[in-house]
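Asks: Got a predicted model here, sequence first, then my questions.
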Amino acid sequence: MQTSVSVRDLSLNFGSVKVLENLSLDVGQGEFLVLLGPSGCGKSTLLNCLAGLLDISAGQIFISGKNVTWEEPKDRGIGMVFQSYALYPQMTVERNLSFGLRVARMPAAEIAQRVQRASDILQIGPLLDRKPGQLSGGQRQRVAIGRALVRDVDVFLFDEPLSNLDAKLRAELRVEIKRLHQRLKNTMIYVTHDQIEAMTLADRIAIMRDGIIQQMDDPHTIYNKPVNLFVAGFIGSPPMNFLKGKLEAGSVKIDGTSVSLKGYDFTKSMEGADIVVGVRPEHIAIGEDSRKMPVTMEGDIEIVEPMGSDTIAWTKIGAQPLTFRAAAEIHLVPGQKVAFGFDPARVSVFDAASGVRV
Amino acid sequence: MTADTYAATGAQPAMAGTKADAATGPSGPRPKRISPGRIGIYCFLIIVAAFFCVPLYVMLVTSFKAMPEVREAHLFNLPREWTIDPWIKAWNSACTGRDCTGLAPGFLNSVKIAVPSVFISIIVASLNGYALTFWRYKGAEVLFNLLVFGAFVPYQVLVYPIIIGLREMHLFATLPGIIIVHTVFGMPILTLLFRNYYSSIPLEIFKAARIDGAGFWQTYFRVMLPLSVPITTVAVILQVTGIWNDFLFGLVFAGKDNIPMTLQLNNIVKTTFGTVEYDVNMAATILTALVPLAIYFISGKWFVRGIAAGAVKG
């Protein structure tokens, strides 16, 4: 795959504070990359560096094969969509869309044609004469996307574009952004702290913490084979269960209960070491289904959280809490004894000391 | 579930009690009553308003009386015979020393001083505020703090050094000289005003303009300036009022060819031939105060709105 955006050893310091350090990544042509992480992890900062809105301290940035490290934002071949929409309040939608083109002194006919195309794609034709103040949040964000669209660029940068919208609209626009990507086949780099957006939109997700990319993989790998405890805990809702124990002869001893890990694909021998076993709530089977699982045990239900589509229940292994996801039809009551089981091949095991997957 | 049901049944007698109360008890909007405290507040406000209005009233009625009637010293009486002669005299024939030209030349001088001063100071200050907010160059914070500090320096301290400075530039006692002085002295407060206003504009709008390829001037003229209408109104009012009412700088820096209206007024009031012409003096004073008053009444609504907009973020 041809690379579209490429970052080499990028560092950014604000005074003595290191925000990004020696960061490198490659984004393929037409790829949808999501930068995901908690607030303050440097993901928006990285995006601003790519856009040229922040001066970097060291490293190089290539976009479409060109070294743009010292280029102005407008010369980088990027369009950007912001969280607060950042539309010019005094201009109509049409003027908002065409502002960049007018600044570049493009011929009027060409401007009209591009605005027409963008408004067709985003279905904002009827809004062209309105001002941003007269639009709803969803419409405003559509116009903001249109502003990136008219620039006819190779790379789209999204900085938490859906965070200011309500849940319903967010789901709608999420699908729309995905549709847009399938249609335009541009490279898109998308910053969010919402893991659902990341999982649903991304070809690949880069999970960041403290200015460092923890893992960059396709959503399936991120979800099933997290490289460390941070990634494992960040992705998934409800979060992955972490059970602390000692590895002894292929089994893990969790507060006195021995649980076999036969079938788990260890990358290195951890015999006798303290480990953390990560089990996804949705990978735990209960009742009848649990009998088919290689590992089975019993526990008391402590708390039940019915979600409508399914039910989250809390039990314990030894003294350590364990949540599992059950079908909504299964009637669970606190205090009830329940059989549950899981497949060790699907769990994740981490070194307790370093937090790294083993 | 069952436990809840029992609790609800148990509460029913108490509910019945509130129902009986519902027929007679308060319902709908609370009736408005005038309390003694409120009367006190109104009395206070009326007295304060009168305190400021009475002198204005006296000035107005006096300015429409002829001198013989003024001499009767019935301060609060309406004129028996209304006359606008004092106004006409104040405008074009009242004497300052030997020249009997009235206020008119002073008015013209004040316009010549105020219009360029207001215009230049606002353009420069808004550029200052824009650059300080969005183009965070090295030392911007220090410069801003120095500028704000300037707002607290008493004018009188600087008068003499500025006289020397202007003399060296051959601008002392000239129109450009006084315009420069007004522009410079307006800078701290106006820059503060504009910077705070621009700080309330989302930074992302500025970033979007940069992505769209707009540079320093394009972003300023096409994006930021059109957004600055409310705060510019505030600045215009502040500057027009301040410069129009200025006496000290006019006296020191304007030179005798550019005497502003306030000075002219002072000279008229001070010049007497035997009797003090109270009616002319009153008319002249009101004439001088008219411009700032008019500006305020025309754009007062915008003034409050702009101040509020700038005050949100510091």
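Replies: Received, thanks.

Asks: Report how many residues lie close to B:Phe76.
Replies: 8 (other Cβ atoms under 10 Å in any protein chain shown). C-betas here are computed from N, CA, C, even on glycine.

Asks: burial count for the closest residue to it other than its chain neighbours?
Replies: Distances taken as Cβ to Cβ, 6 or more residues apart in numbering or on different chains place B:Val58 nearest to B:Phe76, at 6.9 Å, with adjacent residues excluded. Using other Cβ under 10 Å, B:Val58 has 14 neighbouring residues.

Asks: Which of the helices or strands spans B:Val58?
Replies: Take DSSP states H and E as the rule and B:Val58 turns out to sit in helix B:36-63.

Asks: State the number of residues packed around B:Arg38.
Replies: Residues near B:Arg38, counting by other Cβ under 10 Å: 11.

Asks: Then A:Glu110?
Replies: So A:Glu110, with other Cβ under 10 Å, has 10 neighbours.

Asks: how much space between it and chain B?
Replies: Plainly put, A:Glu110 is 15 Å away from chain B if you go by Cβ to the nearest Cβ, to the nearest Å.

Asks: That residue against A:Ser98, yeah?
Replies: No - judged on Cβ atoms under 8 Å, A:Glu110 makes no contact with A:Ser98 at a distance of 10.1 Å.

Asks: what comes up buried for whichever helix or strand comes after the helix holding B:Val58?
Replies: Where DSSP H and E defines the elements, the next helix or strand beyond helix B:36-63 is helix B:67-71. Across helix B:67-71, burial judged by 16 or more other Cβ atoms under 10 Å in any protein chain shown covers B:69-70.

Asks: Against which helices or strands is helix B:67-71 packed?
Replies: Applying 3 or more Cβ pairs under 8 Å, 6 or more residues apart in numbering or on different chains; DSSP states H and E, we find helix B:67-71 packed against helix B:278-311.

Asks: Next, see if the helix it packs on gets close to chain A.
Replies: No - using Cβ under 8 Å from any Cβ of the partner chain, helix B:278-311 never reaches chain A; the gap is at least 12.5 Å.

Asks: Compute the inter-axis angle for that helix and helix B:36-63.
Replies: 140 degrees (axes from the mean of the first three to the mean of the last three Cα atoms, to 10 degrees).

Asks: What is the end-to-end distance of stretch A:270-278?
Replies: Chord length of stretch A:270-278, first to last residue, is 16 Å (Cα to Cα, to the nearest Å).

Asks: buried set for that stretch?
Replies: A:270, A:275-278.

Asks: Next: stretch A:12-22.
Replies: For stretch A:12-22, by 16+ other Cβ under 10 Å, it's A:12, A:19-21.

Asks: List the ones among these that fall in strands.
Replies: Cross-referencing those against strands under DSSP state E gives A:12, A:19-21.

Asks: Let me have those residues in JSON lines, extended by pLDDT.
Replies: JSON lines is the format used below for these (pLDDT from 0 to 100):
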{"residue": "A:Leu12", "pLDDT": "93"}
{"residue": "A:Val19", "pLDDT": "91"}
{"residue": "A:Leu20", "pLDDT": "93"}
{"residue": "A:Glu21", "pLDDT": "89"}
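
Asks: Restricted to strands, list the buried residues of stretch A:270-278.
Replies: Under the assignment DSSP E, the buried residues of stretch A:270-278 contribute A:275-278 to strands.
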